[in-house]
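Undergrad: Below are the sequence and a predicted model for it; my questions follow.
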2 protein chains.
Amino acid sequence: MKKYNFYAGPAILPQEVFKEASQAVLDFNGMGLSILEISHRSAEFQAVMDEAYELVRELLTLPDHYEPMFLQGGASGQFGMIPMNILGDNETAGYVNTGNWAEKAIKDAKLYGNVTLLADSSDKNYSYIPKEYSIPTDLKYLHITSNNTVRGTQYHSLPDTEVKLVADMSSDIFSRPLDIKKYGVIYAGAQKNMGPAGTTLLIVDKNFLNEPVRPLPNMMNYQNHISKKSSYNTPPAFAVYVSMLTLRWVKAQGGVKAMAKKNIEKSTLLYNEIDNNELFFGTTAKEDRSQMSVTFKLQDEELTNTFLEKCAEAGCVGIKGHRSVGGFRASIYNAMELEGVKTLVDVMKDLGSKKG
Amino acid sequence: MKKYNFYAGPAILPQEVFKEASQAVLDFNGMGLSILEISHRSAEFQAVMDEAYELVRELLTLPDHYEPMFLQGGASGQFGMIPMNILGDNETAGYVNTGNWAEKAIKDAKLYGNVTLLADSSDKNYSYIPKEYSIPTDLKYLHITSNNTVRGTQYHSLPDTEVKLVADMSSDIFSRPLDIKKYGVIYAGAQKNMGPAGTTLLIVDKNFLNEPVRPLPNMMNYQNHISKKSSYNTPPAFAVYVSMLTLRWVKAQGGVKAMAKKNIEKSTLLYNEIDNNELFFGTTAKEDRSQMSVTFKLQDEELTNTFLEKCAEAGCVGIKGHRSVGGFRASIYNAMELEGVKTLVDVMKDLGSKKG
């Protein structure tokens, strides 16, 4: 039976990516060697890295002074690396708290500089994106989490400021076009919308990342990774390779504009069902609803197991909400086809009629 | 044509591991989902993590107070993480410098505490392992690099001290039994003798890693990774999975004792040829020769291209020495079969007879 994968991450990738990656594990490019056993300094693997870099540049229309890097450690690793590299002891960064990921980023930043909490949506269970708050002009940066996978919120407009944004974009990078010049740093764990677990994309404005603010271990220093093109040490080769294949697919599909169109179509279909089916309700402010992470609940929690069983029968997996909030969450990243969302909506409709 | 992969890393893994991993990229355990798209918190993936932990414990006979972790960032990441976690501002660690990896570890450690350079083999191009040096008893730890892939040296006996060892074992872990109680921390990038690039095995003595010595970002704090069983954040799932498959293979082959026997047989065969073939010579002290990284040179460098061509014709790839030292290096990790070494030796013999 065909499975529709709604896991939050590691998450769905295109089937053609799995097919090509599977073949490369046996024999990469006819070399007679697996992609897993070739040197990261071989011409064949350097071509993979180069193509991955170029695809990031092209899909996000990066100006020359922006540099992509493929690192390790997930977005969680960057919560500390960013202030270590950018925030001097006496400098101040602004953070907006939209839930657990932002909270962790704030905690780490406090170890390295001053943190001003500009806004916080904890008063309503992080169900909305704060919008009206003043932003000092002398901040080193303003940190946001563009999409919150646990709560199902997403920024649909950016804070109105000249201060450079530092954005955790783990769960919506490559899902829509972005206004790159607003950002000093974008970071994203690959395992949601870009590839498998094991690599973290960083995009930095080299004009923003200027003077080192403190001495750092070599692997924690962005300058080393920039100057060595992500091969300061052995990169997470297979994760970069599969990310490259996925970005090729994004490009073939028409790039991030085409992704955005499809993502709006899918999320609209699902939110319409949530709003129109009396058994369900959404958990976030409508204007801040995520096009990637659709969170919802049952009016009657006793139907939970029945609903999950019907989902499983229809091949829909990974629908359970994050363990910290309960309810349901349909992660509908780029690789989720409209057909998968339709299948889930049919289960929701069916549950309604059975109930009726 | 069959390829014999002598790359230093990413490096050869068993063919059956590639086959199983390739299948899992298409469909893992009959779930109808790729290993690349399943949640790290799913029961199916937790079983992979559990088995990986158990295999490390069993193969290295770890006492209960030793804890394995699968992290990211390579051994290079641990050069900084180790002193950050273990070496207080006023404490002193001893380091032995046997080449570039040790040098990098020393540089990072100096950022966090006092470093005493106990011994250094740079006087002879790092061609030997220092042995006669005094070790203060009040060191927090003594850091060694058990095998140097660039120079081809390997420790065959440990420093005689009660001070706990911290060892970079990236290129010879699981190649032979070890005396675990001597170690406070063992760390190893997977991509040489344990799996693909993308995960780093840490083994810590929890009695040694007691009090936190400074506040740290969450992802840089070993305690978080220990308490969350390497799932504090999304682990590098596929790299851990392939490492687990490789460790299963090590166990099926008879464990690390059987590996050691085979590694001695392979390296002896190759060193004998180096010593007996007048065209070649070894580059390290005989008593410190590595069983993993066999380095050698041609007496007549003009034969270099001819030799490399003949290697390629015989299917032997990855023989070129590290770019910093030149010459040749045959990495003969666990997964390299005796047949591969015989093939290389035949090429060396053939070069000799052609020359004659």
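TA: The structure has been received and is ready for your questions.
Undergrad: residues near residue A:254, how many?
TA: Using other Cβ atoms under 10 Å in any protein chain shown, residue A:254 has 12 neighbouring residues. C-betas here are computed from N, CA, C, even on glycine.
Undergrad: Kindly apply the preceding question to residue A:264 instead.
TA: Counted by other Cβ under 10 Å, the residues lying close to residue A:264 total 13.
Undergrad: Over to residue A:76?
TA: Residue A:76 has 23 neighbouring residues, counting by other Cβ under 10 Å.
Undergrad: just the one 5 residues further on next, same as before
TA: Other residues within reach of residue A:81 by the criterion other Cβ under 10 Å amount to 26.
Undergrad: residue contacts, it?
TA: Residues counted as contacts of residue A:81 (Cβ atoms under 8 Å, 6 or more residues apart in numbering or on different chains) are A:73, A:220, A:222, B:217.
Undergrad: which one of those residues sits closest to residue A:23?
TA: Compare each of the contacts of residue A:81 with residue A:23 using Cβ to Cβ and the shortest gap goes to residue A:73, at 28.6 Å.
Undergrad: I'd say that closest one and residue B:72 touch.
TA: Yes: using Cβ atoms under 8 Å, residue A:73 is in contact with residue B:72, at 4.8 Å.
Undergrad: In helices, which of the contacts of residue A:81 fall?
TA: Members of the contacts of residue A:81 lying in helices (criterion: DSSP state H): residue A:222.
Undergrad: Now for the contacts of residue A:81: which two are most distant?
TA: A:222 and B:217, at 14.7 Å, using Cβ to Cβ across the contacts of residue A:81.
Undergrad: Look at the two and report which has more neighbours.
TA: For residue A:222 versus residue B:217, neighbours defined as other Cβ under 10 Å are more numerous around residue B:217 (25 against 22).
Undergrad: Contacts only, for the residue lying closest to the more buried one once chain neighbours are set aside.
TA: Nearest residue to residue B:217, sequence neighbours excluded (Cβ to Cβ, 6 or more residues apart in numbering or on different chains): residue A:80, at 2.5 Å. Going by Cβ under 8 Å, 6+ apart, residue A:80 touches A:108, A:111, A:112, B:216, B:217, B:218, B:219, B:220.
Undergrad: how far away is the first one from chain B?
TA: Right, the one you point to is residue A:108. 4 Å (Cβ to the nearest Cβ, to the nearest Å).
Undergrad: Quick one: name whatever helix or strand follows the helix or strand encompassing that residue.
TA: Using DSSP states H and E, residue A:108 maps to helix A:100-109. Downstream of helix A:100-109, the next assigned helix or strand under DSSP H and E is strand A:114-120.
Undergrad: ok and that following strand relative to helix A:100-109, angle-wise?
TA: 160 degrees (axes from the mean of the first three to the mean of the last three Cα atoms, to 10 degrees).
Undergrad: Report the backbone C-alpha coordinates of strand A:114-120 in PDB.
TA: Output of strand A:114-120 as PDB, limited to C-alpha atoms (Å, rounded to 0.1, in the frame of the first residue of the first chain):
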ATOM      1  CA  ASN A 114      23.100  40.400  25.900                       C
ATOM      2  CA  VAL A 115      19.700  39.100  24.800                       C
ATOM      3  CA  THR A 116      16.600  41.300  24.600                       C
ATOM      4  CA  LEU A 117      13.400  39.400  24.400                       C
ATOM      5  CA  LEU A 118      11.500  41.600  21.900                       C
ATOM      6  CA  ALA A 119       8.200  39.700  21.900                       C
ATOM      7  CA  ASP A 120       6.800  36.400  23.200                       C
END
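Undergrad: Within its sheet, name the partner strands of it and how each one runs.
TA: strand A:92-97 (parallel) (DSSP bridges).
Undergrad: Show me the contact partners of the partner strand.
TA: Defining contact as Cβ under 8 Å, 6+ apart, one finds that strand A:92-97 is touched by A:83, A:86-87, A:102-103, A:105-106, A:109, A:113-122, A:126, A:130, A:133, A:135-136, A:138-145, A:159, A:163, A:166.
Undergrad: Please repeat the previous calculation with a cut-off of 7 Å.
TA: Contacts to strand A:92-97, defined as Cβ atoms under 7 Å, 6 or more residues apart in numbering or on different chains, come from residues A:83, A:87, A:102-103, A:105-106, A:109, A:113-122, A:130, A:135-136, A:139-144, A:163.
Undergrad: So for that strand, what gets flagged as buried?
TA: For strand A:92-97, burial by neighbour count (16 or more other Cβ atoms under 10 Å in any protein chain shown) applies to A:93, A:94, A:95, A:96, A:97.
Undergrad: surely residue A:39 meets residue B:6?
TA: No: counting by Cβ atoms under 7 Å, residue A:39 does not reach residue B:6; the two are 10.2 Å apart.
Undergrad: so what's in contact with the two at the same time?
TA: Here residue A:39 and residue B:6 share the contacting residues residue B:318, scored by Cβ under 7 Å, 6+ apart.
Undergrad: give me the element the closest residue to chain B within the stretch 51-200 of chain A is part of.
TA: The minimum distance from the stretch 51-200 of chain A to chain B, using Cβ to the nearest Cβ, falls at residue A:80 (2.5 Å). Secondary structure assignment for residue A:80, by DSSP H and E: helix A:74-86.
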